[in-house]
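In: could you work out the structure for the sequence below:
(2 chains)
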Amino acid sequence: MNEGEQIPELRVTPDRYLPHRYAGASGDFNPIHIDPEFARQVGLPSTILHGLYTMALVARANTAAAGGDPRSLRRLAVQFRGMGLPEKEIVVRGTVRAAGEGGTLVDTEAEQDGNRIVRNAEAELTPG
Amino acid sequence: MAEQSTVVGKGYEPFEYEVGREKIREYANAVGEENPVHHDPHAASGAGFRAVVAPPMFAVVYSSGAIVPAMFDPDVGMNFAMMVHGGQEFAWSDLVYAGDTITTTASVLDISKRDDKTFYVFETVSVNQDGREVTRGTWTNIERGG
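Out: Coordinates of the predicted model:
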C-alpha cells in the first residue's frame, strides 16, 4: 500500500436483528440497541447499532486491506459521531496516510446515508 | 458527584475471561468476520495458529467484565442519561486463541472538562495466561451538560 492510495471499500447492510446478535455476542444488552419502544422513548428513531459493531467493520476493512492476516491490525482508534441504524448500508472507506518500514497508517471512516458515523479513525497496519 | 480529580489513577479488580471457541465463532458471525481461522480449528492450524483465532475486536468481549464496573463506579460518577461512547482505541500485541485465559485490569486514565462536556477516559490492559500483553484499550465516554 502506498501513500494516498484508497483501501478497498467495505459495504455492509446490517439486517434488522443484527443488534440482537451483536448484543448476544458482545454481552452489551443496552435496550437502545434491541428494544424499539424503549429507543423511541429516549428520542431515537428506533434501535441503533452498537458503536463497537461499527468499529468492528472498520477493523475488518483494514485487516482485509492488509491481506487478511489477523495479526496485521496493530492499533485502531476511532471517534463515534451520530448513530448507525440497522437496514441501511454502511460504507467503510480509507486512505493510506503514511507507509513505511514502521507500518502503514490508514485514515478511515464509516458512512451511512451521508452521515459519517465513525470518523477520524486511524488504523496502524504491519508493514507490507 | 464525587471529587473526580481524586479518582484518576484508580484501578479495579482484574477480570478473568476464558475464551471459548464457539464464543469466537458467534462473535465472528455477528460482525461478519469470514476468515476461516476464526471459525474452524483445522483452518487455524493449517495457517500455523495453535487454535481458532479471536478477531481483533473480540477484545470487547473479554474486557467488558473489567470496564463495566469501572464505568459504574459511583466515585467516577458518570451520568449515563447524558453519556455517549465518544471514542475507542485498541492496540494489539499477541493474538488471542480459543482456550486462552485473558485477565483484564481497568483503571481511570483521565477526567477532563471542555465547554459543557466532561470526558471520562478509561484504560484496560489485557494479558494472557503466560502474562503476555494481548490488548490495551482506551475507552472515552462523553457526558453532556453538568
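In: who's in contact with residue A:92?
Out: Residue A:92 makes contact with A:9, A:10, A:11, A:12, A:57, A:58, A:60, A:61, A:108, A:109, A:110, A:118, according to C-beta atoms under 8 Å, 6 or more residues apart in numbering or on different chains. Where you see a C-beta, it was placed from the backbone N, CA and C, and this is true even at glycine.
In: which parts of chain B sit against chain A?
Out: Within chain B, the positions near chain A by C-beta under 8 Å from any C-beta of the partner chain are B:23, B:26-27, B:29-33, B:35, B:37-38, B:53, B:55-57, B:60-61, B:64, B:84-92, B:95, B:138.
In: buried ones among those residues?
Out: B:23, B:27, B:30-31, B:33, B:35, B:37-38, B:53, B:55-57, B:60-61, B:64, B:85-92, B:95, B:138 (16 or more other C-beta atoms under 10 Å in any protein chain shown).
In: which ones among those are found in strands?
Out: B:85, B:86, B:87, B:88, B:89, B:90, B:91, B:92, B:138 (DSSP state E).
In: nearest residue to the third one other than its sequence neighbours?
Out: Taking C-beta to C-beta, 6 or more residues apart in numbering or on different chains, and ignoring the residues beside it in sequence, residue B:87 has residue B:140 as its nearest neighbour in space, at 3.8 Å.
In: the one you found: neighbouring residues, count only.
Out: The local packing of residue B:140 (other C-beta atoms under 10 Å in any protein chain shown) involves 20 other residues.
In: name the SS class of it, please.
Out: Look at residue B:140: counting by DSSP: H, G, I helix; E, B strand; the rest coil, its state is strand.
In: now swap in the one 3 residues further on and tell me
Out: Put simply, residue B:143 is strand when judged by three-state DSSP.
In: show me what it bridges to in the sheet.
Out: Per DSSP bridges, the residues bridged to residue B:143 are residue B:83, residue B:118.
In: who's in contact with the helix or strand of chain A with the lowest mean pLDDT?
Out: Every helix and strand of chain A was ranked by mean pLDDT, DSSP states H and E. The lowest is helix A:36-41, at a mean of 94. With C-beta under 8 Å, 6+ apart as the test, helix A:36-41 has contacts from A:31, A:32, A:33, A:45, A:46, A:47, A:48.
In: how about 6 Å then?
Out: Applying C-beta atoms under 6 Å, 6 or more residues apart in numbering or on different chains, the contact partners of helix A:36-41 are A:31, A:32, A:46, A:47.
In: in that helix, which residues are buried?
Out: Buried residues in helix A:36-41, counted by 16+ other C-beta under 10 Å: residue A:39.
In: for that helix, list the C-alpha coordinates in CSV.
Out: Extracted C-alpha coordinates of helix A:36-41, given in CSV (Å, rounded to 0.1, in the frame of the first residue of the first chain):
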residue,chain,number,x,y,z
PRO,A,36,-37.6,-0.2,19.5
GLU,A,37,-40.1,1.1,22.0
PHE,A,38,-37.5,2.0,24.6
ALA,A,39,-35.3,3.6,21.9
ARG,A,40,-38.2,5.8,20.8
GLN,A,41,-39.0,6.8,24.4
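In: beyond it, next helix or strand please.
Out: Per DSSP states H and E, the first helix or strand lying C-terminal to helix A:36-41 is helix A:51-65.
In: may I have the strands that pair with whichever helix or strand comes after that next one, each with its orientation?
Out: Downstream of helix A:51-65, the next assigned helix or strand under DSSP H and E is strand A:73-80. When sheet partners are counted by DSSP bridges, strand A:73-80 sits next to strand A:115-125 (antiparallel), strand B:83-92 (antiparallel).
In: mind checking the SS state of residue B:107?
Out: Taken by three-state DSSP, the conformation at residue B:107 corresponds to strand.
In: so residue A:83 touches residue A:47, yeah?
Out: No. Counting by C-beta atoms under 6 Å, residue A:47 is not a contact partner of residue A:83; they are 10.0 Å apart.
In: buried only: go through the contacts of residue A:92 for me.
Out: Of those, these count as buried by 16+ other C-beta under 10 Å: A:10, A:12, A:57, A:58, A:60, A:61, A:108, A:109, A:110, A:118.
In: before we move on, back to that, adding distance to residue A:69 and mean pLDDT, write the strands paired with strand A:73-80 out as CSV.
Out: Formatted as CSV, the strands paired with strand A:73-80 follow (distance: least, C-beta to C-beta, whole Å; pLDDT from 0 to 100):
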stretch, distance to residue A:69, mean pLDDT
strand A:115-125, 10, 96
strand B:83-92, 12, 94
